[in-house]
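Engineer: Model the structure of this input:
(2 chains)
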Amino acid sequence: MQSSLVLQNLLSAPVLFFFLGILGVLVGSDLEIPSPLPKLFSLYLLLAIGFKGGMELAHSGLGPQVLLTIGAAVVMSLLVPLTSFLLLRLRLDGYNAAAIAASYGSISAVTFITAESFLNVLDVNFDGFMVAALALMESPAIVVGVILAKLSAPAEDREAAGEQENGTDLENGGGSLRWREVLQEAFLNGSVYLLIGSLVIGYVVAAFSPAGLEKMDPFTEKLFYGALCFFLLDMGIVAAQRLRDLRQTGAFLIGFSLLAPPVHALVGLLVSALLGLSQGNTLLFMVLCASASYIAVPAAMRMTVPQANPSLYISTALGLTFPFNVVIGIPLYMALTRYVIPVG
Amino acid sequence: MKRIDLFLSERELNRVCKAITAAGAKGYSVMRHVTGMGPSGEISEGMDFSGLGANAHVIVFVEDGVLAAVSKALKPLLKRYGGVGFVSSAEPL
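Structural biologist: All right, here's what the predicted structure looks like:
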C-alpha cells in the first residue's frame, strides 16, 4: 500500500478528530457532546450528501452504467448478509448470526462520506449516483437479516410466535404487524428516508431550478467538512465507549469484524472492474461493500430480533469495523483500486 | 390511585404514549435522556443519533379502575421492544 495514502488519510482533519474522540475516552477526559448535536449533525450529513448526490445524478443522467451499478449494489447487499450468516453460524446462534450479518450487509453512511472526503483531498472524481447505491443498500440487508433470524429460530420459538400471531393481542396487528414494522424500518427509517428524499430534491432542483443550487451551496458544500469533523469527533467518543463491550465478543467476532471488510471490499473491487467503474466510484463501491451499519440495522434488529445481543452487533460494527475502515480500510482500498483500475 | 413508572427506549416513546391514552389514562409525564444502569448494562446518550441511546421515563397516574386496561396495553409493548414498568400506590395532595 502506498504509505502516502495512509498518511494522507491519517492526517486528514476528520480522521484526526475521530482519534481525538477516542483519545478523550481513553485518557478519561470529560469531553462530552450534548446529545441533540450528534443527531443534528448526522441528519445534516445525510441531507447534504443526498442533495449533492441528486444534483450530480441530474447532471450524469440515468444511463445503463448507473442502473447496472445500483443493481450490483443491491445484489451485494443481499449476498453479503447471506455469506456472512453462513460463516457466523459456525460459532453463533441464529439470532446473533442474523443480526450481525444484517449489519455487515448494510452500509455505514459516515464511512461513505469519509471516503468521499478522502477522494476530494486526492482530487479523484466520483459520480453522484453512488449516493443512490448507498441509499438502496441499507434496506435489503435488514429484510434478509430478519428472514434469516426467523428461519434459524428454534422450533419452539417458531411455535410460540405462531401462537402469538393467532392471539393478535398487540395493537390489533398480530403477525402482520411485525412484517409491516420490518418493512417500515427497512425502507422508511429516518436515514434512508432523508437520504432518498434529499437525493430527489437535489435532482429536481438541479433539473428544474438550477439557480437554487447556488443558494444551497454555503450550507451543503462549505459547512460540510467542518460538520463531518464534528460528527467524527463524537463517533470517536462512541466507538471508544463501545470498545469496552468487545470483551463479550471473543476472538472469533473480533477476527470477523476486521477480516470481513477487506474481503467484502475485494469482492466489490472485482464487481467494479467488471462494471468498468472509474477509480473514484470503485473506491466508494468497495467502501459500501466493506462497511457495516451501526444506525439503521441495530434499530431494526432491536425491534424485530430482540433475542440478539446488541452488544455484539453494535460493538463489532462501531467499535472495530468502523475505525478499521476509516483509518486503514479507505487508503488500503484506494491502493488496491489504483493497482487494478486504470486511470480514466 | 396508582402510579406507573415506565423506563423504555425513546425510540418507542410515541407508540407507548399512544397506548397509554388509548387505554383510558387522562395524561402522562415524560422525561427524556434518562441514563443509568439496566439489566442489559449501561444506558448512555452515546447512540442518541441512532435512537439507541438514552431511555425515557414515563410517569402515569391512573384511577384504580383504569389500571388493568393500561397494564394490558403496555405489557406486550414492553415485552416486545424492551423496557420495564412498575406500579405503586399514590395519594393526591
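Engineer: who does the helix or strand hosting A:Val66 touch, helix- and strand-wise?
Structural biologist: Secondary-structure assignment from DSSP states H and E places A:Val66 in helix A:64-88. If you count contacts as 3 or more CB pairs under 8 Å, 6 or more residues apart in numbering or on different chains; DSSP states H and E, helix A:64-88 packs onto helix A:94-105, helix A:129-151, helix A:250-275, helix A:279-290. (Each C-beta comes from the backbone N, C-alpha and C, glycine too.)
Engineer: could those helices go into a markdown table alongside mean neighbour count?
Structural biologist: Formatted as a markdown table, the helices and strands packed on helix A:64-88 follow (neighbours: other CB atoms under 10 Å in any protein chain shown):
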| stretch | mean neighbour count |
| --- | --- |
| helix A:94-105 | 29 |
| helix A:129-151 | 25 |
| helix A:250-275 | 18 |
| helix A:279-290 | 28 |
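Engineer: Nearest to A:Val66, out of the ones you listed?
Structural biologist: In terms of CB to CB, the element of these nearest to A:Val66 is helix A:129-151, at 4.6 Å.
Engineer: Just want the angle from the closest one to helix A:94-105.
Structural biologist: Going by axes from the mean of the first three to the mean of the last three CA atoms, to 10 degrees, helix A:129-151 is angled at 170 degrees with respect to helix A:94-105.
Engineer: Name the stretch from the helices and strands packed on helix A:64-88 where average model confidence is lowest.
Structural biologist: For the helices and strands packed on helix A:64-88, mean pLDDT drops lowest on helix A:129-151, to a mean of 89.
Engineer: Please enumerate the strands of chain B.
Structural biologist: B:2-9, B:29-34, B:36-38, B:41-43, B:55-62, B:84-89 (DSSP state E).
Engineer: Need the residues that contact the fifth one.
Structural biologist: Counting by CB atoms under 8 Å, 6 or more residues apart in numbering or on different chains, strand B:55-62 makes contact with B:1-10, B:13, B:16-17, B:20, B:24-36, B:38, B:43, B:70, B:83, B:90, all of which sit outside it.
Engineer: What ranges in chain B fall below the confidence cut-off?
Structural biologist: By pLDDT under 70, the low-scoring segments of chain B are B:40.
Engineer: Would you mind naming what in it lies close to chain A?
Structural biologist: With the criterion set to CB under 8 Å from any CB of the partner chain, chain B comes near chain A through B:9, B:11, B:19, B:33, B:40-41, B:44-54, B:76-77, B:80-82.
Engineer: Which members of the residues you listed are classed as buried?
Structural biologist: B:9, B:11, B:19, B:45-54, B:77, B:80-82 (16 or more other CB atoms under 10 Å in any protein chain shown).
Engineer: A:Gly65 and A:Val271: what is the separation?
Structural biologist: For the record, residue A:65 is Gln, not Gly. Here A:Gln65 is placed at a distance of 13 Å from A:Val271 (CB to CB, to the nearest Å).
Engineer: Same question for A:Phe224.
Structural biologist: 28 Å.
Engineer: same deal with A:His264?
Structural biologist: 11 Å.
Engineer: Name the residues contacting each of those two.
Structural biologist: Common contact partners of A:His264 and A:Val271 (CB under 8 Å, 6+ apart): A:Met76, A:Cys289.
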